[in-house]
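S.K.: got a predicted structure plus its sequence, pasted below:
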Amino acid sequence: MSDTNTRRRAGTVVAAPLAALAAWGLLRVAGVDFAVSTGDGHVGAGDVIVSATVAALLGWVVVRVLTSRVERPRLWWLRIGSTCTGVSMVGPNWLAHDVDSVALMGLHLVTALVIVFGLAATVPVRRRPPGLATDRPETCSCASACGA
């Protein structure tokens with residue numbers, strides 16, 4: 001993995017909780033309580049930061065695995081990321097009501113957009129087969145016969 005990809009992925013891991021925290025803060029100012037039916041009954045800033053960071057780190061792990069084992073890793077990452085986004089909407093639907101539920105789904109969506117598209121930018125469209133040289137063009141083994 002290149003240093004550029006590592007920096008971009010680390011940037012995504014930092015950006016996801018910052019974006020979620022910014023959205024949480026704006027919604028709190030707008031009057032949303034983020035009341036849920038578990039834990040202490042409210043989603044706080046710490047909960048938002050930890051959840052978004054863990055989600056981004058897990059996304060990084062999935063991207064690493066896909067990049068090394070799947071022929072079309074970006075396609076699979078987008079499929080997995082969008083599916084996880086949909087599945088994550090179950091929690092707010094189940095554990096919160098009314099405005100709190102919609103606000104929590106918004107936090108999930110903001111976080112997912114940052115993670116899915118931030119990491120997608122670091123994933124190749126196609127995986128290069130092992131052993132394929134990148135510094136020289138491919139040549140035919142019968143160069144003298146076919147003129148390649």
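M.R.: Nice, thanks for sending it over.

S.K.: in this protein, which spans are strands?
M.R.: For the chain, strands defined by DSSP state E do not occur.

S.K.: show me the shaky parts of it.
M.R.: 1, 129-148 (pLDDT under 70).

S.K.: for stretch 66-83, buried residues please.
M.R.: Neighbour counts over stretch 66-83 (16 or more other C-beta atoms under 10 Å) mark 66-67, 73-74, 76-78, 81 as buried. Every residue, glycine included, has its C-beta placed from N, CA and C.

S.K.: and it, how far from the chain's centre?
M.R.: 11 Å (C-alpha atoms, centre = their mean, to the nearest Å).

S.K.: circling back: kindly indicate which of the buried residues of stretch 66-83 lies nearest Ala112.
M.R.: Gly81 (6.9 Å; C-beta to C-beta).

S.K.: tell me the contacts of the closest one?
M.R.: 59, 112, 115-116, 119-120 (C-beta atoms under 8 Å, 6 or more residues apart in numbering).

S.K.: rerun at 6 Å
M.R.: Val116 (C-beta atoms under 6 Å, 6 or more residues apart in numbering).

S.K.: how much space separates it from Leu58?
M.R.: 11 Å (C-beta to C-beta, to the nearest Å).
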